[in-house]
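**Student:** Have a look; sequence and predicted model below, questions after that.
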Amino acid sequence: MNTPIEIANKAYLWLFHLERGMKEIKYIHIQGSAKTPEIDLNPVTGEILLAGRSIPENATQTYEPVFQWVLEYVKAPRPISNLRLNLDYFNTSTTLWLAKIVKKLASINKPDYILFIHLYFHIDEFDEMENEDIREQLSPITDMIIDASLSIGIKIYGVDEKGSIIKENMVLI
């Protein structure tokens, strides 16, 4: 049985897409494995989560559906979108897909909208970072999104072994 919030969210999506003549953007949740991340894509809340390890044998098979979802999402985004990259480890092919996803999200053409990119680090690594180090480490991301028409914020977190947030820092671009 659906909760009142789930019913309201479904009604919102139906009306929103009916008005625009667009196909419905589906909520997607894929459980992670030893080699692939947990994927949670929620068009109602604007939450995009990739968590765990990302060393898939076939990165295209893992990330093409995510990218296709993002292509639809940017047509009708929420006023605030949150891309949460909580990846313990990822390979080079994952990096290429993440770049495509970030670049596409940064192309949302709504100046009053906001994209937050949340990055999670082990607390020891977080504590070792200085402000200059943070900017340097984030330069591949900031270089991709420099021409974005929406506002973008990057938030970094220091987490413990259980994934609990110990510290956080907002990086302004």
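**Tutor:** Structure's in. What do you need?
**Student:** For the rest of this, base every contact and every neighbour count on C-alpha atoms.
**Tutor:** OK.
**Student:** can you pull out the helices in the protein?
**Tutor:** For the chain, applying DSSP state H gives helices covering 4-20, 59-73, 92-105, 123-128, 131-137, 139-145.
**Student:** got the buried residues for the second one?
**Tutor:** So the one you mean is helix 59-73. Using 16 or more other Cα atoms under 10 Å as the test for burial, helix 59-73 gives 59, 62-63, 66-67, 69-70, 72-73.
**Student:** The closest residue in space to residue 45 that isn't next to it in sequence and residue 162, how far apart?
**Tutor:** Spatial nearest neighbour of residue 45, excluding adjacent residues (Cα to Cα, 6 or more residues apart in numbering): residue 78 at 7.0 Å. In this view, residue 78 and residue 162 are 30 Å apart by Cα to Cα, to the nearest Å.
**Student:** And those two? Which one has more around it.
**Tutor:** residue 78 (17 against 6; other Cα atoms under 10 Å).
**Student:** need the contact list for the more buried one.
**Tutor:** Taking Cα atoms under 8 Å, 6 or more residues apart in numbering as the contact definition, residue 78 lies against 43-46, 113.
**Student:** What subset of the residues you listed is buried?
**Tutor:** Buried, going by 16+ other Cα under 10 Å: 43-44, 46, 113, out of the contacts of residue 78.
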